[in-house]
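> The sequence isn't on hand, but the structure is:
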């Protein structure tokens, strides 16, 4: 039921529209939808209401994703660059003039998707649908048939013409990093510090860090923010989740591994940057899943070791060292079939992802392929010989069998380019990637910039990516100096980098939980974990090698499911009375030292707790929530907006209206985007 999204006191008045639809005036459709919900009263029909709320909340809250969705609607029109798509498939080995196209092309970028079909396959599917369709559906399918027939013909022509030359040498960037990454020259504001933590630090800002930043400036704040502190108490608490806090067992469970990973973020006191980098960023780039080692507790612990290996980059910073460690990591070997990569039966999965997803990337800045299917085949040969076995000394671990290693002849990488090199084994492949290939630094910088700035950064400001790549290369692929420079830069705190990245469900859940816990609210961490899962992200269990499925996250149902889970946490019965067994109630969220706050002061306080800088129009809408309520009468029901002035002396009203504020605020773009 869509009613679970918002309290009945906030739905059908213009103030709610102002909150959820603020800033949507440029989108006429969104404004009309929002007006229709609020003025015509379609909430009598739950399905229609559901669709309208999705349109209001989601499409208004994320201009970046809304633009992407619009582009996706036209990605297979005549404007698509079929030849570039085919060249890309030649580069990653997935296309052989008739094989499936696994990547989709639009706006100059290839975006990952495991569900994309080739033009030929789509044409075939549409023909099948036409056999049983009629009316508007048949008309729709006929148009689609015509479109895909043209694209299939164009694709065939591109294939017949043959691929373009692969592995060109990209033009070196001329940008000056010192200028592009010029340090912030003004004093930090509270909004700046909240911005840093939302982008890179689990959302919630501890009071001592807020005071530190305001008093000492960007240098001191960022340096402290990026300094790792040993937290044995946090490690011990997280470890209890491996067996799901079962006092009668110490056997690691599949769910326990996921809860352990979540607890590492939720429980940390001083390492918000490091836990976010490891579990929210690196785990999305270097994706693996506990389900491939789910046979018994001993093998499930391999996933814990995998995370520990991944997390080491947060302190040593070396991307090259991380790739070295991950290549022989047992979970990665199983996840990408490295343990079955035998000289007599080569498996190219890891070799492909090492190039495409972990290092050089599919395309250079000119849109040309960085490698060929031959490079993948040669790299796969160099990576043969690994297996994951149960040993007497190390338990389940990676082993190397020389008899399974392909030692016959040289393996040539990047043939025909100025950086062609001969390799023998997996270590040589890594050396060639980091010492020879000209696009490695640029692609690593791009992957991180997309997560810490905006997903379309290579189109909005490619010079920023070039500047970051230059810093990365100067520091021998250590990402920490690059991120330090980014977090201190004028650009990072500019309007171009505000509310530009759609935060993942684990980031939203951890932010909300840490903010509320800081106010003393008792929360079961498993409830927060379940909220993230409902929102479309289960840590330690991505569906594909591409990590989080951003298309799935964009689904309106996921948005509502996450909010419904948070609503369940907020409406816990133990908080219904002012005096209760938990020794906590909603008065504790009111402005401290103010026994009789007005509604504006309460709105400011709740926004401060969540670290939100709300625009005036949103605050005006929230004032309506505080001063009114919706009354339902009759059958069929009708709804009437009636005055209900804010009264801090009435605890039932305090609970109801503060919960309403929280539910609406976590749906705003200021919370969902960083």
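Here it is on my side, so go on. As the structure is a prediction and not an experimental result, all values here were calculated from the model.
> hey, let's count contacts and neighbours off CA atoms from now on
OK.
> how deep is the nearest residue to residue 672 once chain neighbours are set aside tucked in, by neighbour count?
Excluding its sequence neighbours, the residue lying closest to residue 672 (Cα to Cα, 6 or more residues apart in numbering) is residue 503, at 5.9 Å. Using other Cα atoms under 10 Å, residue 503 is surrounded by 18 other residues.
> Check what pLDDT the residue most central in space within the chain gets.
In the chain, the C-alpha closest to the average C-alpha coordinate belongs to residue 504, at a distance of 4.2 Å (Cα atoms, centre = their mean). According to the prediction, residue 504 has pLDDT 93.
> Same question for residue 71.
At residue 71 the predicted local confidence, pLDDT, stands at 38.
> What residues of the host helix or strand of residue 607 count as buried?
Using DSSP states H and E, residue 607 falls within helix 599-610. Neighbour-count burial for helix 599-610, counted by 16 or more other Cα atoms under 10 Å, picks out 599, 602-610.
> what does that helix rub up against?
Contacts with helix 599-610, where a contact means Cα atoms under 8 Å, 6 or more residues apart in numbering, come from 204, 511-512, 515-516, 589-591, 613-614, 619, 622-623, 626-627, 646, 658, 661-662, 665, 671.
> what is the mean pLDDT for that helix?
Helix 599-610 shows a mean pLDDT of 97 in the predicted model.
> Please apply the same query to stretch 288-296.
For stretch 288-296, mean pLDDT rounds to 93.
> Could you do stretch 390-400 as well?
Averaged across stretch 390-400, the pLDDT comes to 79.
> Between the two ends of that stretch, how far is it?
Start and end residues of stretch 390-400 are separated by 13 Å (Cα to Cα, to the nearest Å).
> Just the residues contacting it, thanks.
So stretch 390-400 is contacted by 298-299, 302, 328-330, 333, 385-389 (Cα under 8 Å, 6+ apart).
> same deal with stretch 183-198?
Residues outside stretch 183-198 that contact it (Cα under 8 Å, 6+ apart) are 203-205, 210, 213-214, 217-218, 273, 485, 487-491, 493, 498, 611-613, 674.
> Out of those residues, which sit inside helices?
Among these, the members found in helices (DSSP state H) are 210, 213-214, 217-218, 273, 485, 487.
> And these, which is closest to residue 636?
Of all those, residue 636 sits closest to residue 210, with 51.3 Å by Cα to Cα.
> What is the burial count for that closest one?
Residues contacting residue 210 under the criterion other Cα under 10 Å number 18.
> same thing with residue 650?
Look at residue 650: counted by other Cα under 10 Å, it has 10 neighbours.
> pLDDT value on it, please?
96.
> Over to the one 3 residues further on?
According to the prediction, residue 653 has pLDDT 95.
> residues contacting it?
646-647.
> So it, which state does it fall into?
Per DSSP: H, G, I helix; E, B strand; the rest coil, the secondary structure class of residue 653 is helix.
> what separates it from residue 660, distance-wise?
Residue 653 sits at a distance of 10 Å from residue 660 (criterion: Cα to Cα).
> Can you tell me how far residue 501 is from residue 452?
Look at residue 501 and residue 452: by Cα to Cα, they are 8 Å apart.
> Am I right that the residue nearest to residue 672 is in contact with residue 669?
No. The pair residue 503 and residue 669 fails to qualify as a contact (Cα atoms under 8 Å) at a distance of 10.1 Å.
> where does the stretch 101-250 of the chain dip in pLDDT?
Along the stretch 101-250 of the chain, the model assigns pLDDT under 70 to residues 101-173.
> remind me which residues of the stretch 251-400 of the chain are low pLDDT?
With pLDDT under 70 as the threshold, the stretch 251-400 of the chain has low-confidence stretches at 392-393.
> can you map out the helices along it?
According to DSSP state H, counting those that start in this stretch, the stretch 251-400 of the chain carries its helices in the segments 254-267, 272-275, 283-285, 297-311, 313-316, 319-327, 330-335, 349-353, 373-382.
> Give me the below-cutoff pLDDT ranges for the stretch 501-650 of the chain.
550-555.
> For it, which segments are assigned as strands?
Taking DSSP state E, counting those that start in this stretch to define them, one finds strands in the stretch 501-650 of the chain at 628-633, 638-643.
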